[in-house]
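K.L.:
How does the following fold in three dimensions:
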Amino acid sequence: MAAIARFGTRVVPEKDQIIRECREKKELVHGPHVEAFEAEFAQFLGSGHVRTVSTEYGRMGLYFILKSLDFPPGSEIIVPALTFWVVPEICRVAGLKLVFADIDPSTFTIDPKAVERAITPNTRAILPTHLYGMACDMDPIMAIAKQHNLKVIEDCAHSLGAMYKGRMVGTHGDASFFSFQAFKPLNTYGGGLAWMRDADLARKVGEFADKEETPSEERVEGILKSGYWQHTFIRPKVFTYSLFPIWWAASWVNAKPEERLWEKVRPLEPLPGHYRGKFSNVQAALGRAGLRRLPEFIERTRRHARMLDELLGDVPGITIPVIPEGRTHVYYQYCPYVPEHETLVKRCIRRGVDVAPMHVDVCTRMELFGWKGTAAPGADKAATSVQVPVYESLSDGEVERVGRLVREQVMKLRQAGAA
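P.N.:
Residues are numbered from 1 along each chain as shown. Down below sits the predicted model:
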């Protein structure tokens with residue numbers, strides 16, 4: 001059988017037509033879709049002001065927001081101990097001092113009690129990350145922010161479409177940012193968007209975005225080409241004969257070849273040149289089409305998650321993802337806890353399913369940040385979870401195969417341990 005990759009890309013059926021029309025009209029770079037996409041995105045969220053940012057990275061939205069807030073020197077920002085390393089590094093580059101707060105290991109999101117303990121007289125902002133598609137517990141976070149006069153900037157890179165108590169994530173705080181890279185909930189082959197509650201802050205962020213250079217048509221074509229190959233290589237029939245043999249071989253020698261595909265951990269000051277550049281018209285056109293289909297994408301992914309819940313939920317030793325009351329999950333990742341997680345990953349890969357270890361970072365462990373504050377046991381525990389393929393482009397049969405394999409291997413591991 002064909003191997004199943006850990007990631008999938010959301011590609012709208014009309015993608016080729018959209019790109020072809022933009023080419024024919026000479027509107028790959030400039031055109032009417034950017035403004036229309038911003039308006040439709042704001043309508044989707046239900047409030048506030050939005051600006052597209054960067055040809056390639058949504059993280060520039062965070063950078064522009066922080067620069068626009070213009071905090072005084074020495075200001076601190078509270079960041080979850082479990083997040084992608086680039087997020088706190090962008091905060092550092094923007095001039096803030098990092099303070100890490102632990103997460104709730106049952107939801108993978110920042111623990112409001114840890115946030116409260118982390119506050120000092122220099123704290124100016126909190127950056128909750130709606131990790132893996134799960135909404136953070138925003139009410140206590142907002143109450144803490146109000147009490148201490150702090151700004152709240154939501155990291156929504158994984159979570160477009162998730163809700164907290166009936167409101168979209170990204171609309172609870174003062175500002176938020178979204179990523180549209182190929183594997184994200186909305187795929188425009190790169191780029192991102194910033195949301196602001198306040199019109200004046202939105203104006204300042206817009207001024208930063210407007211100063212970015214317009215990408216060349218050649219660069220935009222390169223982004224589209226890269227997106228095409230990303231999508232192609234993770235299709236099961238192609239993945240089986242391209243990347244998967246490397247993954248399979250690595251499972252026998254404790255290697256991690258996927259790390260070669262990740263961005264190298266390093267200081268980001270000055271910001272790399274490829275981070276910069278305005279969002280292009282063709283990306284906005286793809287974003288508009290993806291936004292229209294987002295509800296069906298989310299529902300299909302949720303159905304897959306429910307299938308995995310049914311297959312794994314009664315297996316001793318497996319803890320399936322939980323969804324606290326009042327929150328929703330869009331399952332950018334489906335991350336259960338399993339026994340002997342490193343051994344399980346290897347066993348599944350050797351049987352054609354790319355179950356993976358956690359792919360974000362325990363930042364309190366990283367040399368880059370040199371953290372000497374309190375420990376983060378919640379984040380350390382989260383590092384033992386695994387990522388099980390659940391994305392919407394899988395067939396129901398493929399999801400069932402994934403779930404049955406994980407179930408079977410966990411039960412075999414438990415039997416071997418009991419022998």
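
K.L.:
Quick check, central residue of this structure?
P.N.:
Per C-alpha atoms, centre = their mean, the C-alpha nearest to the average position across the chain is that of H158, at 3.1 Å.

K.L.:
pLDDT of the helix ranked longest in the chain, averaged?
P.N.:
Across the chain, the longest stretch assigned as helix under DSSP state H is helix 281-312. For helix 281-312, mean pLDDT is 98.

K.L.:
about what we covered before: if we ignore the residues flanking it in sequence, what's nearest the residue nearest to the centre of the chain?
P.N.:
For H158, ignoring the flanking residues on the chain, the nearest one in space by C-beta to C-beta, 6 or more residues apart in numbering is Y332 at 4.0 Å. Heads up, the C-betas are built off the backbone N, CA and C, glycines and all.

K.L.:
Touching, the one you found and P185? I think so.
P.N.:
Yes: here Y332 reaches P185: they are 6.1 Å apart, a contact under C-beta atoms under 8 Å.

K.L.:
separation between the residue nearest to the centre of the chain and F239?
P.N.:
Applying C-beta to C-beta, to the nearest Å, the value for H158 to F239 is 22 Å.

K.L.:
what's the answer for E76, then?
P.N.:
In terms of C-beta to C-beta, E76 sits 43 Å off from F239.

K.L.:
How about H148?
P.N.:
Taken as C-beta to C-beta, the span from H148 to F239 is 48 Å.

K.L.:
now do G31
P.N.:
Taking C-beta to C-beta, one finds G31 at 34 Å from F239.

K.L.:
Neighbour count for these two, which is higher?
P.N.:
F239 (22 against 18; other C-beta atoms under 10 Å).

K.L.:
isn't that one right next to R6, touching?
P.N.:
No: using C-beta under 8 Å, F239 makes no contact with R6, being 9.8 Å away.

K.L.:
residues contacting W85?
P.N.:
Listed by C-beta atoms under 8 Å, 6 or more residues apart in numbering, the contact set of W85 reads V265, D361, C363, M366, L368.

K.L.:
wouldn't the fourth one be in contact with V265 here?
P.N.:
Yes: judged on C-beta under 8 Å, M366 makes contact with V265 at a distance of 7.0 Å.

K.L.:
The residue nearest to the centre of the chain looks like it's in a helix, true?
P.N.:
No: using DSSP: H, G, I helix; E, B strand; the rest coil, the assignment for H158 is coil, not a helix.

K.L.:
where do the strands sit along the stretch 51-200 of the chain?
P.N.:
76-80, 82-83, 97-101, 103-104, 109-110, 123-126, 151-155, 163-164, 167-168, 175-179, 192-196 (DSSP state E, counting those that start in this stretch).

K.L.:
Go through these and name the closest to L69.
P.N.:
strand 151-155 (6.2 Å; C-beta to C-beta).

K.L.:
Could you measure from the residue nearest to the centre of the chain over to P88?
P.N.:
Taken as C-beta to C-beta, the span from H158 to P88 is 16 Å.

K.L.:
do T9 as well
P.N.:
T9 is 27 Å from P88, by C-beta to C-beta.

K.L.:
again, but for G166
P.N.:
For G166, the distance to P88 - C-beta to C-beta - is 30 Å.

K.L.:
Comparing these two, which residue is more hemmed in?
P.N.:
Comparing G166 with P88 by other C-beta under 10 Å, the one with more neighbours is P88, at 25 against 7.

K.L.:
what's the pLDDT at the spatially closest residue to H148 that is not a sequence neighbour?
P.N.:
Of all residues not flanking H148 in the chain, I119 sits nearest, at 5.7 Å (C-beta to C-beta, 6+ apart). At I119, the model reports a pLDDT of 98.

K.L.:
and if you look at A418?
P.N.:
On the pLDDT scale, A418 gets 62.

K.L.:
returning to what we had before: out of the strands of the stretch 51-200 of the chain, the one nearest I65 is which?
P.N.:
Of the strands of the stretch 51-200 of the chain, nearest to I65 by C-beta to C-beta is strand 175-179, at 4.7 Å.

K.L.:
Output the below-cut-off pLDDT ranges for the stretch 151-300 of the chain.
P.N.:
The stretch 151-300 of the chain contains no residues with pLDDT under 70.

K.L.:
And the helices in it?
P.N.:
199-211, 217-233, 236-239, 244-250, 281-312 (DSSP state H, counting those that start in this stretch).

K.L.:
Which strands or helices does the second one pack on?
P.N.:
It stands for helix 217-233. helix 281-312 (3 or more C-beta pairs under 8 Å, 6 or more residues apart in numbering; DSSP states H and E).

K.L.:
Flag every buried residue along the helix it packs on.
P.N.:
Neighbour counts over helix 281-312 (16 or more other C-beta atoms under 10 Å) mark 281-291, 293-294, 297-298, 300-302, 304-305, 307-308, 311-312 as buried.

K.L.:
Kindly export stretch 54-74 (C-alpha atoms) in PDB.
P.N.:
Extracted in PDB, the C-alpha atoms of stretch 54-74 (Å, rounded to 0.1, in the frame of the first residue of the first chain):
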ATOM      1  CA  SER A  54       4.800  39.200   3.500                       C
ATOM      2  CA  THR A  55       5.100  37.100   0.300                       C
ATOM      3  CA  GLU A  56       6.300  34.100   2.300                       C
ATOM      4  CA  TYR A  57       5.800  34.300   6.100                       C
ATOM      5  CA  GLY A  58       3.000  35.100   8.400                       C
ATOM      6  CA  ARG A  59       5.500  35.700  11.200                       C
ATOM      7  CA  MET A  60       6.100  39.200   9.700                       C
ATOM      8  CA  GLY A  61       2.600  40.000  10.900                       C
ATOM      9  CA  LEU A  62       3.800  39.500  14.500                       C
ATOM     10  CA  TYR A  63       6.900  41.600  13.700                       C
ATOM     11  CA  PHE A  64       4.900  44.500  12.300                       C
ATOM     12  CA  ILE A  65       2.400  44.400  15.300                       C
ATOM     13  CA  LEU A  66       5.200  44.500  17.800                       C
ATOM     14  CA  LYS A  67       7.100  47.300  16.100                       C
ATOM     15  CA  SER A  68       3.800  49.300  15.800                       C
ATOM     16  CA  LEU A  69       3.000  48.900  19.500                       C
ATOM     17  CA  ASP A  70       6.400  50.600  20.100                       C
ATOM     18  CA  PHE A  71       7.000  49.200  23.600                       C
ATOM     19  CA  PRO A  72       9.700  51.000  25.800                       C
ATOM     20  CA  PRO A  73      13.200  49.500  26.000                       C
ATOM     21  CA  GLY A  74      13.400  46.500  28.400                       C
END
